[in-house]
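Q: Using only what follows, build the 3D model:
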Amino acid sequence: MTVKVSIAMVSILRDGLANGLGVKYKRLADAVEKGITQGLIEPGCKLPPHRLLADSLGVTIGTISRAYGELERVGLVVARVGDGTYVRQHGMERPRDGGFRNVSDEPQPFFDMSRNQPIPGDEALFLSQSLQALALDPVALQRIGGYTAEAGLPRYRAAGAHWLRHQAFVANAEQIVCVNGGQHGLLCALTGLLKAGDTLVTEHLTYPGLISVARLLGIKLIGVAMDAEGLMPDALNEACRNHRISALYCTPTIQNPTAAVMSVPRREAIVEVCRQHNLLIFEDEAHAVLAQQRPLPLSYFAPERSVLIGSLSKAVSAGLRVGYLHAPQPLIGRLSAAVRGTCWMASPLTLEVASRWIENGTAEQLLGRQTVEISRRKALVAGRLDGLAYKTHPHSPHFWIEVPDPWRASQIAAELKENNFLVATAEMFAVGQGAVPQFIRASVCHSAGDDRLLLQGFDALAAALAETV
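A: Model prediction:
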């Protein structure tokens, strides 16, 4: 026989506190787990608010938070931002509970507008040519067949420095660490330079891959307010005054998901706050390379404290899994150690191909074609969004579209999914306990290459949103 959780929870937990083992939060978590196992607490039930339960049990809010956190860690409950904590049941998980995904788990009939990925072009042809040439080069084959230095061979690091160069920002090959793609670079940066329990500040809406890695490493995230340019310096400064923060992660150019681009004065202001509070800066430039006329990176304004994360994944080829970290010289040893600890060394085979492409202009050629195709597809569908409020950047592969009140983005996403179209909602990008804005991210990067399907997808999205107006 089940009972009402809001009434019975206090009794269940008091018994756990009195008769359980271990520290208080663990006794509370064990008591809830026992109640769920015995069927006293049903799937889908909402647990009492932290303060209400703390007052009823005579413990601190922190104890309740740790107990709920332990239950979430072992997968028994789901903490929904702005809505509370629920006993897990099938179908109620947030998009990021299972981790962000590089490919869709949905069957092929779905037209996927939820993910940003490079649009297929001639990279398969170039890869075939490069591998054939490599097969006839015994010296190169010998070079890639053995172990290399953790940071990468000098030639690979030089190619990475060339790829990251932009206007007056000239990357130094000796400050490059080669990694297996941007996500691996982010993992190495956080592993090598932070530790479990450290606090990292980021945009209120941020890259889901950061959320996944931070959880994995036990790094705390604080999301701060944004405006049309992205991260706000005053909000960053306020967070630093109220918390002990070790580093900042942000995307100054084509921010994911808002597509915002920081002006030069904004970048200078962010750097000044980071210097005042002695923060490391992790700067994500995965999408920035798509914008040829972009401002200089934060690494130009604060070279002594910035780790720039770049890759070929969004502009050239996702499958190569080639990325580069550019960092101050004193940090190279720690970043190299992180590479060694996670994969021993970045793959010499893919780095060899990437280096050849960077050296002979193939990478730049593929980048150019990528930006042209993004622009063409966006121009094709932009008219479908007339009358809707949205944000984008000329070289952003996605639109950031507002859902009018009182509708929720999740409702629109669910309706579209019923019609075999997938989009991303703001919830999967959200950090912290603040209200999640009701926006949808819709990308033009689906690999099908069928303009008819692309138009159908945005027509369905526009129709669903038009019903809310």
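Q: thinking Cys240 is in contact with Val273, fair?
A: Yes - look at Cys240 against Val273 with C-beta atoms under 8 Å: they come within range, at 6.8 Å. C-betas here are computed from N, CA, C, even on glycine.
Q: okay, and the common contacts of these two?
A: Common neighbours of Cys240 and Val273, using C-beta atoms under 8 Å, 6 or more residues apart in numbering, are Leu279.
Q: Let me know the pLDDT of the residue nearest the centre of the chain.
A: The C-alpha lying nearest the average C-alpha coordinate of the chain belongs to Tyr207 (C-alpha atoms, centre = their mean; 2.3 Å). Model confidence at Tyr207, expressed as pLDDT, equals 95.
Q: And for Thr2?
A: Model confidence at Thr2, expressed as pLDDT, equals 41.
Q: and the gap between His393 and Val261?
A: Note on His393: its distance to Val261, by C-beta to C-beta, to the nearest Å, is 6 Å.
Q: hang on, the earlier thing: nearest spatial neighbour of the residue nearest to the centre of the chain, skipping sequence neighbours?
A: Nearest residue to Tyr207 in three dimensions, chain neighbours excluded: Asn256, at 5.1 Å (C-beta to C-beta, 6 or more residues apart in numbering).
Q: That neighbour reaches Leu210, doesn't it?
A: No - assessed by C-beta under 8 Å, Asn256 is found out of contact with Leu210, at 9.7 Å.
Q: thinking again about what came up before, now do the shared contacts for His393 and Val261.
A: When contacts are counted by C-beta under 8 Å, 6+ apart, His393 and Val261 have Ile254, Ala291 as shared neighbours.
Q: got the CA coordinates for whichever strand or helix holds Ala161 in PDB?
A: Using DSSP states H and E, Ala161 sits in helix 154-164. Below are the C-alpha coordinates for helix 154-164, written out as PDB (Å, rounded to 0.1, in the frame of the first residue of the first chain):
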ATOM      1  CA  PRO A 154      56.400  19.200 -33.500                       C
ATOM      2  CA  ARG A 155      54.800  19.200 -37.000                       C
ATOM      3  CA  TYR A 156      51.400  18.400 -35.600                       C
ATOM      4  CA  ARG A 157      51.700  21.200 -33.000                       C
ATOM      5  CA  ALA A 158      52.800  23.600 -35.700                       C
ATOM      6  CA  ALA A 159      49.700  22.700 -37.800                       C
ATOM      7  CA  GLY A 160      47.500  23.300 -34.800                       C
ATOM      8  CA  ALA A 161      49.100  26.700 -34.200                       C
ATOM      9  CA  HIS A 162      48.400  27.600 -37.800                       C
ATOM     10  CA  TRP A 163      44.800  26.500 -37.500                       C
ATOM     11  CA  LEU A 164      44.200  28.600 -34.400                       C
END
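Q: what's the following helix or strand after it?
A: strand 176-179.
Q: Would you map out the domains in this protein?
A: In terms of domains, the chain is parsed into 5-87, 111-120+367-466, 123-364 (source: automatic domain parsing).
Q: beta partners of the spatially closest residue to Pro49 that is not a sequence neighbour?
A: The shortest distance from Pro49 to any residue other than its chain neighbours is 6.9 Å, reached at Gly84 (C-beta to C-beta, 6+ apart). As for beta bridges, Gly84 partners with Arg80 under DSSP bridges.
Q: residues touching Gly84, list them.
A: Residues touching Gly84, when contacts are defined by C-beta under 8 Å, 6+ apart, comprise Lys46, Leu47, Pro49.
Q: just Gln167 next, same as before
A: Leu296.
Q: where does the stretch 151-300 of the chain have low pLDDT?
A: Using pLDDT under 70 as the threshold, the predicted model of the stretch 151-300 of the chain has no low-confidence range.
Q: where do the helices sit along it?
A: Taking DSSP state H, counting those that start in this stretch as the criterion, the stretch 151-300 of the chain carries its helices at 154-164, 182-193, 208-217, 233-242, 264-276, 298-301.
Q: and if you look at the stretch 351-469 of the chain?
A: Under the criterion DSSP H, counting those that start in this stretch, the stretch 351-469 of the chain contains helices at 362-382, 409-418, 451-466.
Q: Quick one: closest of those to Gly69.
A: Ranking these by distance to Gly69, with C-beta to C-beta as the measure, places helix 409-418 first at 23.9 Å.
Q: just checking, what packs against the closest one?
A: Where contact means 3 or more C-beta pairs under 8 Å, 6 or more residues apart in numbering; DSSP states H and E, helix 409-418 is packed against strand 424-425, strand 439-443, helix 451-466.
Q: Take the ones you listed and lay them out in JSON lines including mean neighbour count, distance to Val322 and mean pLDDT.
A: Rendered in JSON lines, the data for those read as follows (neighbours: other C-beta atoms under 10 Å; distance: least, C-beta to C-beta, whole Å; pLDDT from 0 to 100):
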{"stretch": "strand 424-425", "mean neighbour count": "25", "distance to Val322": "25", "mean pLDDT": "94"}
{"stretch": "strand 439-443", "mean neighbour count": "24", "distance to Val322": "22", "mean pLDDT": "95"}
{"stretch": "helix 451-466", "mean neighbour count": "18", "distance to Val322": "28", "mean pLDDT": "91"}
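Q: of all those, which lies closest to Ala228?
A: Between Ala228 and the helices and strands packed on helix 409-418, the shortest gap by C-beta to C-beta is with strand 439-443, which sits at 13.5 Å.
Q: Export that closest one to CSV, keeping only CA atoms.
A: Provided in CSV are the C-alpha atoms of strand 439-443 (Å, rounded to 0.1, in the frame of the first residue of the first chain):
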residue,chain,number,x,y,z
PHE,A,439,13.7,28.8,-26.3
ILE,A,440,14.3,26.2,-29.0
ARG,A,441,17.6,25.6,-30.9
ALA,A,442,17.0,24.5,-34.5
SER,A,443,19.9,23.6,-36.6
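Q: Please work out which residues outside it touch it.
A: Residues lying outside strand 439-443 but in contact with it, judged by C-beta under 8 Å, 6+ apart, are 113-117, 257, 397-403, 409, 412-413, 423-426, 429, 457-458, 461.
Q: ok, 6 Å please
A: In this structure, residues lying in contact with strand 439-443 by C-beta atoms under 6 Å, 6 or more residues apart in numbering are 113, 116, 257, 397-402, 409, 423-426, 461.
Q: Filter those residues down to the buried ones.
A: Among these, those classed as buried by 16 or more other C-beta atoms under 10 Å are 113, 116, 257, 397-402, 409, 423-426, 461.
Q: And the residues you listed, which is closest to Pro138?
A: Of all the buried ones among the contacts of strand 439-443, Asn116 has the smallest distance to Pro138: 39.2 Å, by C-beta to C-beta.
Q: how near is the closest one to Ala409?
A: If you go by C-beta to C-beta, the gap between Asn116 and Ala409 works out to 17 Å.
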